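J.: return a 3D structure for these sequence lines:
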Amino acid sequence: MEPWGKPLAGRLAELEVESAALRGNPLGDPHVRPLWVYEPPGAEGPLPALYLIQGFTGQVDMWRNRSPFRPTVPELVDRLFAEEGCPPARVVFVDAWTSYGGSQFLDSAGVGRYHTYLCEDVVAFVDARYPTTLRAIAGKSSGGYGAMVTAMLRPDVFSGLATHAGDALFELCYLPDFREAVRALRDQYDGSFDRFWEDFRSRPALSKGGDHALVNTFAMAECYTPGELPFDVATGELLWDVWERWLAWDPVRMVETHADALRGLRAIYVDAGTRDQFFLDLGAEAFRRALERIGVTDVFFELFEATHSAIEYRYPIALRYLAERLS
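T.: The predicted model follows:
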């Protein structure tokens, strides 16, 4: 393909949403956020709205990042609707970045009210400007987590979900980072996350060994159990009362308690790469099996040959599925 962009056939509006929920958030992060809305060629009248949310450390302008020999995500979306016959829908690109890297799209005393921001502020902003029929939510990694959890918590807002390698089965995707985080804290920061953050913000991000494990572990703790880590920082031994509160946010474990919400969805899409570095293919299978146990079997499910990285080409597959189911 040509190595440069060209005008989209559809329209991509770059807007800003002022969020009451994020005003005065604990990290002092902006409460005015960028928001992109894509409309397919010829779009008019009420259409489904497909909300696309990002993984950990994502910010909305990263959707334009170009990889060698590959189109950007907005270009993939445009091709889907302009050239590949997908039923028309609007695609909403949401920003939920935080100073710790992400929010998991939850309301948290540690990072802010990002669940309320998404489900109330952003949705109301979009609905006031674009006539909308039904909504679905999709994302990858932490965005896939957000898609699963948001649809379970707010089936009144979202009628479908698509998760690409979403965080699930926490004992497999998060626990391995704990031991690396403990060693890095011990060897470089005298066991102090405050010292880590001071160092991290003084240099190029992710330039030291242990950075990813420390950032990811601390950020997740601030989302799931604000102010409390699930392990002893000297030994890595699990603090079971805190860890169990993390597990309460595991999508696999949430299925049973949100069965009615899941049974009422019009579309559920689940996929992951079979070589996912964080073993989220196993989490995807566990989520599918949990759905099956509550009688939800009308699910798009696929494990495909890939890692966790460079799977942006899966977005159009999920968006088509959601658009067809919500049309």
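J.: wouldn't residue 109 be in contact with residue 221 here?
T.: No: contact criterion Cβ atoms under 8 Å: residue 109 and residue 221 do not qualify, at 11.8 Å. For the C-beta atoms, the positions are set from N, CA and C on the backbone; glycine is no exception.
J.: a strand runs through residue 4, doesn't it?
T.: No: using DSSP: H, G, I helix; E, B strand; the rest coil, the assignment for residue 4 is coil, not a strand.
J.: and it, how many residues sit next to it?
T.: 6 (other Cβ atoms under 10 Å).
J.: measure it to residue 36 for me?
T.: Distance from residue 4 to residue 36, counting by Cβ to Cβ, to the nearest Å: 20 Å.
J.: same question, residue 229
T.: Residue 229 sits 35 Å away from residue 36, going by Cβ to Cβ.
J.: export stretch 300-309 as PDB, just CAs?
T.: The C-alpha trace of stretch 300-309 is given here as PDB (Å, rounded to 0.1, in the frame of the first residue of the first chain):
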ATOM      1  CA  PHE A 300     -18.600 -14.500  18.100                       C
ATOM      2  CA  PHE A 301     -15.400 -16.100  19.400                       C
ATOM      3  CA  GLU A 302     -12.100 -16.600  17.700                       C
ATOM      4  CA  LEU A 303      -8.500 -17.300  18.700                       C
ATOM      5  CA  PHE A 304      -6.200 -16.400  15.800                       C
ATOM      6  CA  GLU A 305      -2.500 -16.700  15.100                       C
ATOM      7  CA  ALA A 306      -1.000 -13.500  16.600                       C
ATOM      8  CA  THR A 307       0.500 -11.900  19.700                       C
ATOM      9  CA  HIS A 308      -0.900  -9.100  21.700                       C
ATOM     10  CA  SER A 309       0.700  -6.600  19.400                       C
END
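J.: ok, and what's touching that stretch?
T.: 141, 165, 267-278, 280-281, 284-285, 288, 314, 318, 321 (Cβ atoms under 8 Å, 6 or more residues apart in numbering).
J.: so for that stretch, what gets flagged as buried?
T.: 301, 303, 306, 308 (16 or more other Cβ atoms under 10 Å).
J.: now render those as JSON lines, adding secondary structure and distance to residue 68.
T.: Listed next are the buried residues of stretch 300-309 as JSON lines, based on DSSP: H, G, I helix; E, B strand; the rest coil; distance: Cβ to Cβ, whole Å:
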{"residue": "301", "secondary structure": "strand", "distance to residue 68": "30"}
{"residue": "303", "secondary structure": "strand", "distance to residue 68": "25"}
{"residue": "306", "secondary structure": "coil", "distance to residue 68": "16"}
{"residue": "308", "secondary structure": "coil", "distance to residue 68": "18"}
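J.: ranges for the strands of the stretch 101-250 of the chain?
T.: Remark: strands assigned in the stretch 101-250 of the chain by DSSP state E, counting those that start in this stretch are 107-108, 112-113, 132-140, 160-164.
J.: the third one pairs with which strands, and in what direction?
T.: Each strand pairing with strand 132-140, determined using DSSP bridges, is listed with its direction: strand 47-53 (parallel), strand 160-164 (parallel).
J.: make CSV out of the ones you listed and add distance to residue 181.
T.: Shown next, in CSV, are these (distance: least, Cβ to Cβ, whole Å):
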stretch, distance to residue 181
strand 47-53, 25
strand 160-164, 25
